[in-house]
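*Asks:* just need the structure, nothing else, for what follows:
(2 chains)
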Number of protein chains: 2
Amino acid sequence: MKKTSIFLAIFLFLIVFVACSPNMDSNNTSNKTDPLPSWNTGATKSAIIDYVNDVTNSKSKDFIPVSDRIATFDNDGNLWSEQPAYFQLFFAIDRLKQLAPEHPEWRTEQPFKAVLENDMDELAKQGEHGLIELIMATHSGNSEEEFRADVIDWINSAKHPTKKVGFDKLVYQPMLELLHYLRANDFKTYVVSGGGVDFMRAFVCEIYGIPAEQIIGSRIKTRFDYNNGDCRIIRLPELEFIDDKDGKPLAIQKIIGKKPVFASGNSDGDLQMMQWTASNEHKSFMLYLHHTDAKREWAYDRESHIGRLDKGLDEANEKGWAVIDMKKDWKVIYPFQITKK
Amino acid sequence: MKKTSIFLAIFLFLIVFVACSPNMDSNNTSNKTDPLPSWNTGATKSAIIDYVNDVTNSKSKDFIPVSDRIATFDNDGNLWSEQPAYFQLFFAIDRLKQLAPEHPEWRTEQPFKAVLENDMDELAKQGEHGLIELIMATHSGNSEEEFRADVIDWINSAKHPTKKVGFDKLVYQPMLELLHYLRANDFKTYVVSGGGVDFMRAFVCEIYGIPAEQIIGSRIKTRFDYNNGDCRIIRLPELEFIDDKDGKPLAIQKIIGKKPVFASGNSDGDLQMMQWTASNEHKSFMLYLHHTDAKREWAYDRESHIGRLDKGLDEANEKGWAVIDMKKDWKVIYPFQITKK
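*Replies:* From the prediction side, this is the model:
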């Protein structure tokens, strides 16, 4: 694997969640006749609704049988925010500090020293190797159950550095509505993310209404431990699979075994998933989220180190794929902005 | 990986399907009041029905929520026969012969020479290396779609060497009924097999009533190919994952992310899946199929090279897991035996 891909991959491995109150899916339609009430009227919203109406109409030439209605969603920057860094990195940093008392050697060893001294410039200087070290030190060595409990503890207490709310409050309300709308039309919704699959599964299922078996992500290696009836799956300090770029269609084929008809993403890391979906014999829908709202969220695209959208934006424009202009297309960004109304 | 594990793994990689008429699931209850009409009355059948009644009863202390009702089934020798060799090996042999005209060099190179000369003793002498060569030559080099079409062509024409029926006729009628019965009680049924996932997906979905995304198996590596809008996933001549022994609980955790409550298998290769299931906090059910019927199917267990059941049988007896005695517990073996009635 090239150095640059590893670097991007590690960043992508550091994903997050975003969230809101439970049962969002069943309560998110303030307007009973509008399936996407947090979306402004416009070309993007119309295109989504027209597509769903068309492919679910049994009299349409574009009708898609229920078993083929596979919809795949990237997570970071697509279902929740991803700035100023993938939220999974905040988990790694907090976890390292929590484990530090058992590791006095970290006070003098990089990249741990940089993290413990809150020296983010130094951490950045440690590059991909430093990030891998940080991830391995904080995401392995325990069982799947223990890791899950650690993530849940963290999500229940950590706050975003500038938004000052729990990371799980930073999910996108319009995307929750879109997930719900697709499921109401018998689409099977999947997360297909560069983030860690076990990190996500610990808390996103309820938020997104997506069960564990429909969450696909990056993984580290694991080992099955059996000791007289006591079974554990132990997390090992080695990357197994990076679910980004080419990895996305490959993972979709391996795990789902069907080509999606609907794909939603926000970066060049999602481009191959879009291309794969666009090649479906069924009528398909490709949806890019363009971060254009510096005031309510963040504005970034071609030059960003996180969630870069460059080639993907060109290809979307060229091929006529739908592009969400966040500033223009979304009435609200986060669920807590709705409850304030 | 140890040589012996590779050898076993390759054998397991050579799996098969077995089958019967479409829509079996909806037509398999000759007795409306009996969910398992092809099972003889006895301890095994009663244990299955008692378990399902208990864990689906919302007033029971053992009640299991629908989202946790995960049932995993081994395939070869468990949902269909596996003798005298995993049926996927017959596909590999037939495919090699089909490809031979394009490969004159195979006439003098092993293991290809042995296969082309129908010299199974010589093929056996080629050992694990020969088997890997045979699998790689016949299962890679094309796209997922092309491979799928090849498997479908084969299954529609090939016949079992001694049973003289299509391999897809050699599925177990009692297991089709069990799959249907579990799904009728809101269990989500999965295949978790050492066989090749793409080989199975090509034809077992309709037979078992299990969608592609609930088929887990062994895999070779793949590559995403993009050429101006033409997308293909190309199959590469390298093993990626062997879904056997420890691999089964690991794959279940990676792909499903939930521990099964019901596990069904027939060999020592399923033992770790059984142990993992037995460690569920929910009440769980472990079911071994013991091949005891030399007349109607095959009889083999502790000494068999294919589908060996030795440690698993001891552990089942010790732990009180259910063991199907095929000769005693099953009224019929294959669906075509029912239609003859």
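
*Asks:* so which residues make contact with stretch A:138-149?
*Replies:* By C-beta atoms under 8 Å, 6 or more residues apart in numbering or on different chains, the surrounding residues in contact with stretch A:138-149 are A:91-92, A:95-96, A:99, A:150, A:196, A:198-199, A:201-202, A:220, A:222, A:225, A:232-238, B:253. (Glycine included, C-beta is placed from N, CA and C.)

*Asks:* of those residues, which belong to strands?
*Replies:* A:196, A:220, A:222, A:225, A:232-238 (DSSP state E).

*Asks:* tell me the most packed of these, by neighbour count.
*Replies:* The most crowded member of the ones in strands among the contacts of stretch A:138-149, judged by other C-beta atoms under 10 Å in any protein chain shown, is residue A:196 (27 neighbours).

*Asks:* hang on, it packs against residue A:217?
*Replies:* Yes - if you go by C-beta atoms under 8 Å, residue A:196 and residue A:217 touch, sitting 5.7 Å apart.

*Asks:* is it true that residue A:114 lies in a strand?
*Replies:* No - assessed with DSSP: H, G, I helix; E, B strand; the rest coil, residue A:114 is helix; it does not lie in a strand.

*Asks:* I figured it hits residue A:131, correct?
*Replies:* No - with contacts counted by C-beta under 8 Å, residue A:114 stays clear of residue A:131, the gap being 11.1 Å.

*Asks:* any idea which helix or strand carries residue A:218?
*Replies:* Element membership for residue A:218, per DSSP states H and E: strand A:215-227.

*Asks:* ok, residue A:246 - contacts?
*Replies:* By C-beta under 8 Å, 6+ apart, the contact list for residue A:246 reads A:272, B:223-224.

*Asks:* how close does it get to residue B:125?
*Replies:* Separation of residue A:246 from residue B:125 (C-beta to C-beta, to the nearest Å) stands at 40 Å.

*Asks:* with residue A:236 instead?
*Replies:* Using C-beta to C-beta, residue A:236 is found at 37 Å from residue B:125.

*Asks:* enumerate the residues of the stretch 101-250 of chain A near chain B.
*Replies:* A:144, A:188, A:197-198, A:201, A:211-213, A:215, A:219, A:222-224, A:226, A:229-231, A:233, A:246, A:249-250 (C-beta under 8 Å from any C-beta of the partner chain).

*Asks:* ok, now with 7 Å
*Replies:* Residues of the stretch 101-250 of chain A found near chain B (C-beta under 7 Å from any C-beta of the partner chain) are A:144, A:201, A:211-213, A:215, A:219, A:222, A:224, A:226, A:231, A:233, A:246, A:249-250.

*Asks:* count the residues that sit near the closest residue to residue A:79 other than its chain neighbours.
*Replies:* Leaving aside its sequence neighbours, residue A:79 sits nearest to residue A:175 (C-beta to C-beta, 6 or more residues apart in numbering or on different chains; 5.1 Å). If you count neighbours by other C-beta under 10 Å, residue A:175 ends up with 24.

*Asks:* before we move on, what about the one 3 residues further on?
*Replies:* Residue A:178 sits with 26 neighbouring residues when counted by other C-beta under 10 Å.

*Asks:* distance from the chain centre to the helix or strand hosting it, please.
*Replies:* Residue A:178 is part of helix A:173-184 when elements are defined by DSSP H and E. Here helix A:173-184 is found 15 Å from its chain centre; the criterion is C-alpha atoms, centre = their mean, to the nearest Å.

*Asks:* helices or strands next to it in the packing?
*Replies:* helix A:24-27, strand A:188-196, helix A:335-339 (3 or more C-beta pairs under 7 Å, 6 or more residues apart in numbering or on different chains; DSSP states H and E).
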